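J.: sequence first, then the predicted structure, then my questions.
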Amino acid sequence: MSFAADNENMNKLHGERRKTLPVVKVEQDLDEEHLPKRVLPILAAPYSPIPEGDELNIDEPIFPLEPATESTVVPSWLQLAPEDNVINYTPSTRVRHSVGLDVPGAVHTITTPKFRTDRQLDSKLVVIMVGLPARGKSYLVKKLRRYLNWLQYETKVFNVGNMRRVVENSQDQSASFFDPNNQDMKRIRDEIALSVLEQLIGWLKEGGRVAIHDATNSTLARRKLLIDRLEREPEIRVLLIESVCTDQAMLERNFCLKLSGPDYKNKDPVKALADFRSRVANYEKAYQPIGDWEEENDIQFCKLINVGKKVIAYNISGYLSGQCIFYLMNFNLNERQIFVTRHGESEDNITGRIGGDAPLSDKGKKFAKALAKFVQSQRIKFACELASKESELEPEGQQDFAKALQTTAKFCNSPFTIWTSMLQRSMQTAEYFDPDDYDIKHIRFLNEINSGICEGMTYQEIQQTHPSEYRSRQANKLFYRYPGMGGESYIDVIHRLQPMIVELERMTQSCLIITHRVVMRILLGYLLDWTREEMPHMMVPIHTVYELRPKPYGTELKKWQYIEETDSFIEF
Ligand code: F6P
């Protein structure tokens, strides 16, 4: 079959890469002959990393848990759910059909040779960042990388500044290094940018999907250099993203953030700021924003002005580029709280039945009541924090108590949204919130994974009645789709949650999401940058509340557990 052959080629292309995108269960999954020869203590068994016949070292996890990356401030609590600690490795899970996720919701594509060229053209993307220093480029690319990886498009950022610091560590890199009239230094900087581009092309050829060239690329000559090189790679598309910032206050904040960055850390802040300002001035002398040349040459680009307040897009074609632009248009830097929790204990939780639509148990109702009080108190604390930050901005000695109280009241009364799924246990958990103070929305996208023919069963019953299904899922939980009407995989749930993530990024107000185990893992997977190997296996117990605060440098996380005996929450 043509898609099976495609899959084989993809395997070759990906080599030892651990990330491919199988989304369809195939007959081999159900075939007893292919069931596991032995049980291996691995953390996750994604598809295709183990070449046929290779011996596996049982003591060594194939995919050790990586600590979550830059966006996670407190990663040490990461844990696997106990039932996920030992996972069967099923050789047959390697033989799955995948054509990637170019079209939302597509699980099968049978590609005819006639169209193959077009498809390949859209298969890889290089995003070239453009913009003066301190325009938030690195912030944008980190978010974009996290989002695309979460959508399962393997994405990597190639930062030219990091390479410059390594290659040129013997070189003086104060402002004069960036003087556009200093031809020697300019040549060195261009060479570094090109060498990073070579690395990035190599990575895409090994199987990566989206590579981001993170540098200023602020002259036309530099951009031409990069684009000329990429023209020799017919499978790669190029998207230029320029970040422009005209908001002076935002710029000043960005400048200050640079002082704790790798170029200026531990240096005298006054001298460092002066040096950075003169570096920016050097860049400004030679700066050529994206414009006529790019249009005349039909290069797709997007200009984001003031973190997406104004957006100019030109010739955007291709699904991936469209995804990038849509995402970048939808976020903001507002300080807010995002609470995420599972529903209170349900009648089915007591008996260990999955899926279904059971109501809350008595314990679950107790949690729901306590949750309403807890969120209210955290909301007030946050309002006080914001008010005290505002009053710190007042000149010394002019802080006014009455005004501070007013500001606190203003923050306390700012809108707060609650999202629940449309399942009883989730809606009932929101019942104790005062609708005068909270805007409560029930959303079907937040429903638990549909477990098809396994709905309403316990894991033990599934193991007994559908042993091969049980093992297939254990072997590859992320891609396994439950058979039967409406049955879903984690990948399917990621797709239906995509609009929720965009909405979460777009909205400026605080919110509480009351949902279910799989949805919660996937939402936290995005917010905390969990890898695809970690995400389906993370411990997210009921009666635990996670509070996330998006910050310019990542996401701050706090977590609380409900203690029934004392009817209170403790931070852990
Ligand atoms: O048991 C609660 C539950 O939310 C089920 O409804 C759901 O099928 C299950 O958890 C998902 O967890 P996992 O993906 O680990 O099986």
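T.: Everything's here; your move.
J.: pull up the residues of the chain that are close to the ligand.
T.: Proximity of the chain to the ligand, by Cβ under 6 Å from any ligand atom, involves residues 354-355, 448-449, 451, 516-518. C-beta: built from backbone N, CA, C; applies to glycine.
J.: now, among those residues, which is nearest to Asp436?
T.: Set against Asp436, the nearest of those by Cβ to Cβ is His516 (27.2 Å).
J.: and for that closest one, the neighbour number?
T.: Look at His516: counted by other Cβ atoms under 10 Å, it has 22 neighbours.
J.: how about it: what's its closest non-neighbour residue?
T.: Leaving aside its chain neighbours, His516 sits nearest to Glu448 (3.5 Å; criterion: Cβ to Cβ, 6 or more residues apart in numbering).
J.: among the residues of the chain next to the ligand, name the ones in strands.
T.: Residues of those located in strands (DSSP state E): none.
J.: contacting residues around Glu431?
T.: Ala368 (Cβ atoms under 8 Å, 6 or more residues apart in numbering).
J.: picking up where we left off before, show the pLDDT at the residue nearest to His516.
T.: On the pLDDT scale, Glu448 is placed at 98.
J.: in this structure it contacts Gly355, no?
T.: Yes: using Cβ atoms under 8 Å as the test, Glu448 is close enough to Gly355 to be in contact (6.4 Å).
J.: between the two, which is the more surrounded one?
T.: Neighbours of Glu448 and Gly355, each counted by other Cβ under 10 Å, are more numerous for Glu448; the result is 24 against 20.
J.: burial of the closest residue to the ligand within the stretch 301-450 of the chain, as a residue count?
T.: Closest to the ligand within the stretch 301-450 of the chain is Ile354: 3.6 Å, counting by Cβ to the nearest ligand atom. The tally of other residues near Ile354 (other Cβ under 10 Å) stands at 20.
J.: what do you get for the one 3 residues further on?
T.: The local packing count at Asp357 equals 15, with neighbours defined by other Cβ under 10 Å.
J.: how about it, secondary structure?
T.: Put simply, Asp357 is coil when judged by DSSP: H, G, I helix; E, B strand; the rest coil.
J.: which non-adjacent residue is nearest Pro289?
T.: Spatial nearest neighbour of Pro289, excluding adjacent residues (Cβ to Cβ, 6+ apart): Glu242 at 6.4 Å.
J.: quick one, strands of the stretch 101-250 of the chain?
T.: Using DSSP state E, counting those that start in this stretch, the strands of the stretch 101-250 of the chain run over 124-130, 155-159, 210-214, 236-244.
J.: tell me which other helices or strands the first one touches.
T.: Packing partners of strand 124-130 (3 or more Cβ pairs under 8 Å, 6 or more residues apart in numbering; DSSP states H and E): helix 137-150, helix 183-205, strand 210-214, helix 220-230, strand 236-244, helix 319-328.
J.: any low-confidence regions in the stretch 301-450 of the chain?
T.: Applying pLDDT under 70 to the stretch 301-450 of the chain flags residues 393, 396-399.
J.: would you map the helices across it?
T.: For the stretch 301-450 of the chain, the helices defined by DSSP state H, counting those that start in this stretch occupy 319-328, 347-351, 362-392, 401-412, 424-429.
J.: just name the most buried of those.
T.: The highest mean neighbour count among these, using mean count of other Cβ atoms under 10 Å, belongs to helix 424-429: a mean of 23.
J.: for that one, C-alpha coordinates in CSV please.
T.: Extracted in CSV, the C-alpha atoms of helix 424-429 (Å, rounded to 0.1, in the frame of the first residue of the first chain):
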residue,chain,number,x,y,z
GLN,A,424,-21.4,16.1,34.9
ARG,A,425,-18.4,15.6,37.2
SER,A,426,-16.7,18.6,35.7
MET,A,427,-19.7,20.9,35.7
GLN,A,428,-20.6,19.9,39.2
THR,A,429,-17.1,20.8,40.4
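J.: what residues does that helix touch?
T.: Here helix 424-429 makes contact (Cβ under 8 Å, 6+ apart) with 341, 343-344, 346, 348, 357-360, 364-365, 367-368, 371, 420-421, 442, 446, 514-516.
J.: now with 10 Å, please.
T.: Applying Cβ atoms under 10 Å, 6 or more residues apart in numbering, the external contacts of helix 424-429 come out as 341-349, 356-361, 364-365, 367-369, 371-372, 418-421, 440, 442-443, 446-448, 512-516, 519, 542.
J.: wait, what's in contact with Pro180?
T.: Counting by Cβ under 10 Å, 6+ apart, Pro180 has contacts 186, 189, 218-219, 282-287.
J.: repeat that for 7 Å
T.: Listed by Cβ atoms under 7 Å, 6 or more residues apart in numbering, the contact set of Pro180 reads 186, 282, 285-286.
J.: what do you get for Leu512?
T.: Contact analysis of Leu512 by Cβ under 7 Å, 6+ apart lists 339, 375, 418.
J.: and Asp492, by the same measure?
T.: Counting by Cβ under 7 Å, 6+ apart, Asp492 makes contact with Arg481.
J.: mind listing what's buried along stretch 267-281?
T.: Buried residues in stretch 267-281, counted by 16 or more other Cβ atoms under 10 Å: 272-273, 275-276, 279-280.
J.: do stretch 189-199 as well
T.: For stretch 189-199, by 16+ other Cβ under 10 Å, it's 189, 192-193, 196-197.
J.: okay if I get these as a markdown table plus pLDDT?
T.: Shown next, in a markdown table, are the buried residues of stretch 189-199 (pLDDT from 0 to 100):
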| residue | pLDDT |
| --- | --- |
| Arg189 | 86 |
| Ile192 | 92 |
| Ala193 | 95 |
| Val196 | 96 |
| Leu197 | 97 |
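J.: can you list the low-confidence ranges for the stretch 1-150 of the chain?
T.: Applying pLDDT under 70 to the stretch 1-150 of the chain flags the ranges 1-122.
J.: make it 80
T.: 1-123 (pLDDT under 80).
J.: now Asp436, what are its backbone angles?
T.: Dihedral pair for Asp436: phi -70, psi -30, per degrees, to the nearest 10.
J.: can you get me a residue count around it?
T.: Asp436 has 5 neighbours, counted by other Cβ under 10 Å.
J.: identify the residues contacting it.
T.: Taking Cβ under 7 Å, 6+ apart, one finds nothing in contact with Asp436.
J.: one more: Glu347?
T.: By Cβ under 7 Å, 6+ apart, the contact set of Glu347 is 358-359, 361.
J.: let's see 6 Å
T.: Each residue near Glu347 by Cβ atoms under 6 Å, 6 or more residues apart in numbering is listed here: 358, 361.
J.: which helix or strand contains Ile514?
T.: strand 510-515 (DSSP states H and E).
J.: what's the angle between that strand and helix 362-392?
T.: 160 degrees (axes from the mean of the first three to the mean of the last three Cα atoms, to 10 degrees).
J.: now find how far off-centre strand 510-515 is within its chain.
T.: Relative to the mean C-alpha coordinate of its chain, strand 510-515 is positioned 18 Å out (Cα atoms, centre = their mean, to the nearest Å).
J.: ok, it: who's next to it in the sheet?
T.: Applying DSSP bridges to the sheet, strand 510-515 is found paired with strand 338-342 (parallel), strand 416-420 (parallel).
J.: deepest-packed of the ones you listed, please.
T.: Ranked by average neighbour count under the criterion mean count of other Cβ under 10 Å, the strands paired with strand 510-515 are headed by strand 338-342 at a mean of 23.
J.: Arg342 bridge partners, please.
T.: Beta bridges link Arg342 to Thr515, judged by DSSP bridges.
J.: could you do Val311 as well?
T.: Leu304.
J.: run through who's touching the strand or helix carrying Asn254.
T.: Applying DSSP H and E as the criterion places Asn254 in helix 248-258. Outside of helix 248-258, the residues within contact range by Cβ under 6 Å, 6+ apart are 134, 245, 276.
J.: could you give the average pLDDT over it?
T.: On average, helix 248-258 scores 82.
J.: please apply the same query to stretch 205-213.
T.: Per-region confidence: stretch 205-213 scores 95 on mean pLDDT.
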